[in-house]
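**Q** Give me a model of this one.
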Amino acid sequence: MVAKRHRLAQRRKTVGFTQEKLAEQLGVDSTTVRRWESGETEGGPQPWVRPKLARYLQVSVEELEELFAESNEEATVSDERLIYALAHPGSVDLVTVARLREQVHTLDQRYDRAPSTSLLAETGQCLGQVVFLRAHAPTNRVRRELLAVEAESATLMGQLVWDASQRRDHAAAHGYFDRAIGAARQLCDPAAEGLALLRKGFVTLYGEKDPLAGLSLTMQTAETTRGTSHVLTGLAVLHAAEAHAILGQRTECERALSEADRCFEQVGGADVALDLFSPTQSGRLAGSCYLFLGKAKQAQPILEATARELRDRSKSQAIVLGNLSLAYLRQGKLDEAAAVLHQAIDVIELTWGGGGLNIVFGACRELQPWRQVAVVQDMYDRVMALMSA
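**A** Down below sits the predicted model:
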């Protein structure tokens, strides 16, 4: 018999299910869910139940396997230590900080595939606990480690708040990013500072629709992280390229795209931001750049190649598919545009990413002149249903 699966039970509670309600949705007896969580069934649910369970718990199948694989008491002991530290803050130590950092990392890993609303409460709780404990930290070493977790959790909160608001709540997002920047500067950590600066650039560029200010922030990020992380520098330059594209500056845009590629060619296994790197990022941003430059025909093959590589049901995939649909639509390829929009919505219904939603809604507006075409009408009706949801 394995130990109780505390993380599995916590995940169920986080998404708002009782054992009985989850069992009802899955079509199993409530005692079955109880046995999964108590460890009475060592192997967990049958293979054909797992994809459905993952969907209701808003995690990937791989993350679900990790929840069921937890069979030792280490997490329970760490949680008990954290609870004790919150009641006796002067006792906070590096083990407690490590548990908080693990929680933030787990939430961050789920960001691109889970609805942001499902992660807000846990992330906000972690951030509040970190700030509280930092005020009572008994040593400078513990205080500095808590500052590092504060920078990470505040950056994630900014992302979540902005995404959950469908990229409308700019002020709250900026507030969290500024807190992260402040913590990173106290630590003299250019990578953490650069990541928060880059996220601020996203809000300015894509939310506030201010490409000049967005360009300034992305270039500030590149200068901050240069020599520290080729990943972060490359990402900053990529988004600077998109700012140039929005401004209609094709030469500067293509120069920045080439510079970003050179940065990525230098990425090594020791890069502090390696987890943020994906081979599809250059194609995703290059395709978007050519759309902004009015070059849909040039954007199409880039986005098609990226879409073939990116099949992870993530918020990023929804953005790529949304942009690909725009590339088709702006060339008058209605059937292709509608088919890809359906794929984008399939992903959005899992992740509810603000970026993908905004692109799909924009495509819907561009489809209005063809409302009477059957394939467009079907697509239009589905987007309207998505908007009402």
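
**Q** Report the buried residues of stretch 275-284.
**A** Buried residues in stretch 275-284, defined by neighbour count with 16 or more other C-beta atoms under 10 Å: 276-278, 280-284. Quick note: C-beta positions are derived from backbone N, CA and C, even for glycine.

**Q** Contact partners for Leu133?
**A** 85-86, 89, 92, 96-97, 100, 146 (C-beta atoms under 8 Å, 6 or more residues apart in numbering).

**Q** now, which of the buried residues of stretch 275-284 lie within helices?
**A** Assigned to helices by DSSP state H, the following of these qualify: 281-284.

**Q** can I get those in TSV with pLDDT and distance to Ser118?
**A** Converted to TSV, those look like this (pLDDT from 0 to 100; distance: C-beta to C-beta, whole Å):
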residue	pLDDT	distance to Ser118
Gln281	93	25
Ser282	95	30
Gly283	95	29
Arg284	95	24
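
**Q** Not counting the strand or helix carrying Thr31 itself, show me its contacts.
**A** Per DSSP states H and E, Thr31 falls inside helix 30-38. For helix 30-38, contacts defined as C-beta under 8 Å, 6+ apart pick out 4-5, 8-9, 12, 19-20, 22-24, 26, 40-41, 44-45, 68.

**Q** Which elements pack onto the helix or strand that it is followed by?
**A** Later in the chain than helix 30-38, the nearest helix or strand by DSSP H and E is helix 50-57. On a contact count with 3 or more C-beta pairs under 8 Å, 6 or more residues apart in numbering; DSSP states H and E, helix 50-57 meets helix 19-26, helix 61-69.

**Q** isn't Leu100 right up against Val149?
**A** Yes. Here Leu100 reaches Val149: they are 5.3 Å apart, a contact under C-beta atoms under 8 Å.

**Q** Are there residues contacting both of the two? Which ones?
**A** Joint contacts of Leu100 and Val149 (C-beta under 8 Å, 6+ apart) are 126, 130.

**Q** residues contacting Ala9?
**A** Applying C-beta under 8 Å, 6+ apart, the residues near Ala9 are Glu37.

**Q** Can you tell me which of the contacts of Leu133 has the most neighbours?
**A** Tallying neighbours with other C-beta atoms under 10 Å puts Val92 at the head of the contacts of Leu133, with 28 neighbours.

**Q** my guess is it meets His136, correct?
**A** Yes. Val92 lies in contact with His136 (C-beta under 8 Å); the separation is 6.6 Å.

**Q** which stretches of the stretch 201-350 of the chain have low pLDDT?
**A** By pLDDT under 70, the stretch 201-350 of the chain has no low-scoring segment.

**Q** what secondary structure does Ser153 sit in?
**A** Three-state call for Ser153 (DSSP: H, G, I helix; E, B strand; the rest coil): helix.

**Q** residue contacts, the residue nearest to it when sequence neighbours are not counted?
**A** Distances taken as C-beta to C-beta, 6 or more residues apart in numbering put Leu127 closest to Ser153, at 4.2 Å, once the chain neighbours are dropped. Contacts for Leu127 (C-beta under 8 Å, 6+ apart) come out as 150, 153-154, 157.
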